[in-house]
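Student: this is a predicted model, with the sequence first.
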Amino acid sequence: MLTKINLTEIKKLDNSKLRMKVFNHWDLEKIKVNDISISNYIYFNKEYGELVPHTSGNYDKKPFKKTYCPILERLVCSMMLKSRNSGKKIKTIAIVKHAFYLLHKTTGKNPVQLLVDAITNWFNFNN
């Protein structure tokens, strides 16, 4: 049977338990973008935990709206372009999740931070 929950009970809950994590494992609180020139293009909203690989958003309708697409979704979509994963988003999400798990096991660091560092290094290399 369903029980009623008061708003005062919800406000008493600890905010650290309510934070959304990437694949229910990795927190976004300590993620830093070291390069200020690309900090506008690496988007994730720490307040709402919006770093999901499947938002069903239309990011190509307006100019520069793609900057609001979460970086994890941009990674997944770029992996779907050419290969056997073409058009298979759920399979590609599983591949990214497994790759993040392997990165975490081998390095012991947050894989989202490693992704941000890799994007930063790639951007500095090409300029």
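Tutor: Now that the structure is in, tell me what you want to look at.

Student: quick one: low-confidence residue ranges for the chain.
Tutor: Applying pLDDT under 70 to the chain flags the ranges 1-20, 44-57, 124-127.

Student: what's the longest helix in it?
Tutor: Scanning the chain for the longest helix, with DSSP state H as the assignment, gives helix 89-107.

Student: just checking, next helix/strand downstream of that one?
Tutor: Per DSSP states H and E, the first helix or strand lying C-terminal to helix 89-107 is helix 111-126.

Student: how much space between Thr107 and Val76?
Tutor: 21 Å (CB to CB, to the nearest Å). C-beta: built from backbone N, CA, C; applies to glycine.

Student: these two: which is more packed in?
Tutor: Using other CB atoms under 10 Å, the more surrounded residue of Thr107 and Val76 is Val76, with 22 against 11.

Student: how big is the angle separating whichever helix or strand that one is part of from helix 111-126?
Tutor: Using DSSP H and E, Val76 falls within helix 71-79. For helix 71-79 against helix 111-126, the angle by axes from the mean of the first three to the mean of the last three CA atoms, to 10 degrees is 60 degrees.

Student: tilt between helix 71-79 and helix 89-107?
Tutor: Using the same axes, to 10 degrees: helix 71-79 against helix 89-107 is 120 degrees.

Student: can you give me the buried ones in helix 71-79?
Tutor: Ile71, Leu72, Glu73, Arg74, Leu75, Val76, Met79 (16 or more other CB atoms under 10 Å).

Student: go on, stretch 82-92?
Tutor: Asn85, Thr92.

Student: measure Gly108 to Ile95 for me?
Tutor: Counting by CB to CB, the gap from Gly108 to Ile95 is 21 Å.

Student: these two: which has the busier surroundings?
Tutor: Ile95 (14 against 7).
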